[in-house]
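Chemist: what shape does this take:
(2 chains)
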Amino acid sequence: MSASQLTITQQAAALRSREVSAVELAGAALAHVEAHDSRLNAYLTVTADAARQQAAAADRRLREDGASASPLCGVPVAIKDVLCIDGVETTAGSKILKGFVPPYTATSVQRLLDAGAVVVGKTNCDEFAMGSSNENSAYGPAGNPWDVERVPGGSSGGSAAAVASGGVAYSLGSDTGGSIRQPAALCGVAGFKPTYGRVSRYGLIAFASSLDQVGPFAHSVRDCATVFATIGGHDPLDSTSEASPVEDPLASLDAGVRGMRFGVPKEYFGAGVEPGVRDRVEAAMRVIESLGGSLEEVSLPSTDVALSTYYIIAPAECSSNLARMDGVRFGHRVDASSLTDMYLRTRDEGFGPEVKRRIMLGNYALSSGYYDAYYKKAQQVRTLVAREFESVFTKVDALVCPTSPIVAFRRGERSDPLAMYACDTMTIPVNLAGLPGISVPCGFVDSLPVGLQFIAPRLEDAKLLRVAYAYEQATEWHEMHAPMVEATA
Amino acid sequence: MTLSADEVAYVAMLARIGLDEAEMEELRGQLDAILAHVSQLQQVDTSHLLPTAQVGHLADVWRRDEPRDSLPPERALANAPQRDGDYFTVGAIQE
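Modeler: As a prediction, this is how the structure comes out:
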């Protein structure tokens, strides 16, 4: 695949002009994995045979009826290893699910397959999507294509790296507290977390069910919109999925931002934000003004307690969701003389340190005598966080801020759990309120990408994509590619 | 440190994770630091706030009570660490 065919839009056009076939695109994506993945470790499973078959089917479909085929038909994609695919090993980056082969496919992936997508493989991630650096994967950390010694972010680090390295045009990830937007920022690609409930969670291995959302990584906002238009919408298999129809994000994509009001949350520019990141984001805000958008400072006073709220609610939900990892019906089992000992030893061997930490924290917060002080309190503060956003959105159309306070760091640099949690200060409140958020590239600090985050009100995903598209089209950051892309081009 | 070793052992048992002494001691320090940090929540006045369990603004979600296919036993059992016919098997529950 050449650098002129990096986006879905470009690949779809090349497929229709017969410049390239889906089988050739699949071959190039697989060759890219072969060439780079020993250093990048972005993939946990490569599905080469299935990909070639899907590509051949896509070529037939394009030949027979290319005009009506989806723009995703024949375009290779990588899927985060927390999304189940029938017959393909799915581990969630955990030892406890090594060898687990799901008997069904996640709705989001099924919708891609129905559109003719070609799945290249399953991508590396922090174990059960818990982490901000991909260092918590039981299968080794993924590297950042801009500097493989640095982390790609997390938890969807492999999905971000797979796109940023130029191997695939897009990938799917999941975002519980920033797990799409933060790695997108650190890897210099676009990463979109839709409104909670907009994309079905059926077949997504649950971390924190009230926060989890599936979304795309891509080289362009238009591609994110194309993927969202395909995977979004109600699913009877997910009772929390939003029933109202999805507004076509492509219809209004180029409507611009003239006359729109942007809020700049002052708490998101606090002391933890690196000066270089702040500079790049402030330069991006001037671009928005030049496009006819107006900026005003707003306040989200509960930002500092939102992190604490998340670190009660997410562990509480994960402690409950991960109770099913018990060695009885699937996954790793350590044999022991009694059932209780089997549970104890299976879960001790199967889970890594961060997952254990969060299960313990969640069990503590939910245990008798602490429930009101921790879990109920956190749920009440969650109401406050959501209300502050609602109040701000009566005054402005969207918020603009950094995605991550820092650029990609070196592996092992953040070993203290609390320091790692602070990576997600500006992404976590968005999940607590169920809002849509997107990160797009907005420049570099020391040759490492910086992400710009836009946040919109619930269900205003189309408006959010329109805003991000307007910024992206006015700048050239999304056209700058990691050294790996240049090497293959 | 406010978290006692007994409390950590109690929670580990609730979580069914068979931690050894060293792991428990390390987790005790880490959990204590995290709990100290999140205790800032106690400063927030929440007397007027209802808890939020979900943000989807959903009311009761219904579906029609119609029979439909479920996973055939062979597929449901395909990942079983140990089975006996159409059953998952485990070690002794009562000693």
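Chemist: okay, strands next: where are they in the stretch 151-300 of chain A?
Modeler: Assigned by DSSP state E, counting those that start in this stretch, the stretch 151-300 of chain A shows strands spanning A:170-175, A:190-193, A:213-218, A:261-265, A:294-298.
Chemist: tell me the most buried of the ones you listed?
Modeler: Counting by mean count of other CB atoms under 10 Å in any protein chain shown, strand A:190-193 has the highest mean neighbour count of the strands of the stretch 151-300 of chain A, with a mean of 32. Any C-beta I mention is one placed from the backbone N, CA and C, and that applies to glycine too.
Chemist: which residues of the stretch 351-489 of chain A lie near chain B?
Modeler: By CB under 8 Å from any CB of the partner chain, the residues of the stretch 351-489 of chain A that approach chain B are A:351, A:356-357, A:359-361, A:363-364, A:367, A:373-374, A:376-384, A:386, A:417-418, A:432-434, A:458.
Chemist: buried among those? Make that a ChimeraX selection.
Modeler: Here is the ChimeraX command that selects the buried residues among those (16 or more other CB atoms under 10 Å in any protein chain shown):
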select /A:351,356,357,359,360,361,363,364,367,374,377,378,379,380,381,382,383,384,386,417,432,433,434,458
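Chemist: out of the residues of the stretch 351-489 of chain A next to chain B, name the ones that lie in helices.
Modeler: Of the positions in these, A:356-357, A:359-361, A:363-364, A:377-384, A:386, A:417-418, A:432-433 sit in helices, assigned by DSSP state H.
Chemist: which elements pack onto the longest helix seen in chain B?
Modeler: Taking DSSP H as the criterion, chain B has its longest helix at helix B:21-38. Helix B:21-38 is packed against helix A:303-321, helix A:353-366, helix A:417-421, helix B:5-14, with contacts defined by 3 or more CB pairs under 8 Å, 6 or more residues apart in numbering or on different chains; DSSP states H and E.
Chemist: what does the pLDDT read for the residue of chain A most remote from its centre?
Modeler: Distance to the chain centre peaks in chain A at residue A:337, reaching 41.5 Å (criterion: CA atoms, centre = their mean). At residue A:337, the pLDDT value in this model is 88.
Chemist: so what's the most centrally placed residue in chain A up against?
Modeler: With distances taken as CA atoms, centre = their mean, the residue of chain A nearest its centroid is residue A:180 (2.2 Å). Residues in contact with residue A:180 (CB atoms under 8 Å, 6 or more residues apart in numbering or on different chains) are A:156, A:159, A:173, A:174, A:191, A:192, A:193, A:215, A:216, A:217, A:439.
Chemist: got these as CSV, with pLDDT columns?
Modeler: Listed next are these as CSV, based on pLDDT from 0 to 100:
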residue, pLDDT
A:156, 98
A:159, 98
A:173, 98
A:174, 98
A:191, 98
A:192, 98
A:193, 98
A:215, 98
A:216, 98
A:217, 98
A:439, 98
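Chemist: quick check: residues of the stretch 1-150 of chain A near chain B?
Modeler: Residues of the stretch 1-150 of chain A lying near chain B (CB under 8 Å from any CB): A:99, A:100, A:101, A:103, A:104.
Chemist: doesn't the last one fall inside a strand?
Modeler: In this case it means residue A:104. No. Using DSSP: H, G, I helix; E, B strand; the rest coil, the assignment for residue A:104 is coil, not a strand.
Chemist: how many residues are close by residue 90?
Modeler: All of this is about chain A. With neighbours defined by other CB atoms under 10 Å in any protein chain shown, the count for residue A:90 comes to 24.
Chemist: try chain B instead
Modeler: There are 19 residues near residue B:90, going by other CB under 10 Å.
Chemist: give me the pLDDT value at it.
Modeler: 92.
Chemist: ok, now how distant is it from residue A:326?
Modeler: Note on residue B:90: its distance to residue A:326, by CB to CB, to the nearest Å, is 9 Å.
Chemist: now for these two: what residues contact both?
Modeler: Common neighbours of residue B:90 and residue A:326 (CB under 8 Å, 6+ apart) do not exist.
Chemist: count of residues packed around the residue nearest to residue A:223 when sequence neighbours are not counted?
Modeler: Ranked by CB to CB, 6 or more residues apart in numbering or on different chains and with sequence neighbours excluded, the top spatial neighbour of residue A:223 is residue A:8, at 4.4 Å. Applying other CB under 10 Å, we find 27 residues neighbouring residue A:8.
Chemist: what sits against residue A:8?
Modeler: Residue A:8 neighbours (CB under 8 Å, 6+ apart): A:71, A:72, A:75, A:169, A:170, A:218, A:220, A:222, A:223, A:226, A:227.
Chemist: report pLDDT for it.
Modeler: pLDDT for residue A:8: 98.
Chemist: now it. Its backbone dihedrals?
Modeler: phi -60, psi -50 (degrees, to the nearest 10).
Chemist: returning to that earlier point: can you lay out the contacts of residue A:180 as a markdown table showing distance to residue A:300?
Modeler: Converted to a markdown table, the contacts of residue A:180 look like this (distance: CB to CB, whole Å):
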| residue | distance to residue A:300 |
| --- | --- |
| A:156 | 25 |
| A:159 | 28 |
| A:173 | 25 |
| A:174 | 24 |
| A:191 | 21 |
| A:192 | 21 |
| A:193 | 17 |
| A:215 | 22 |
| A:216 | 26 |
| A:217 | 26 |
| A:439 | 18 |
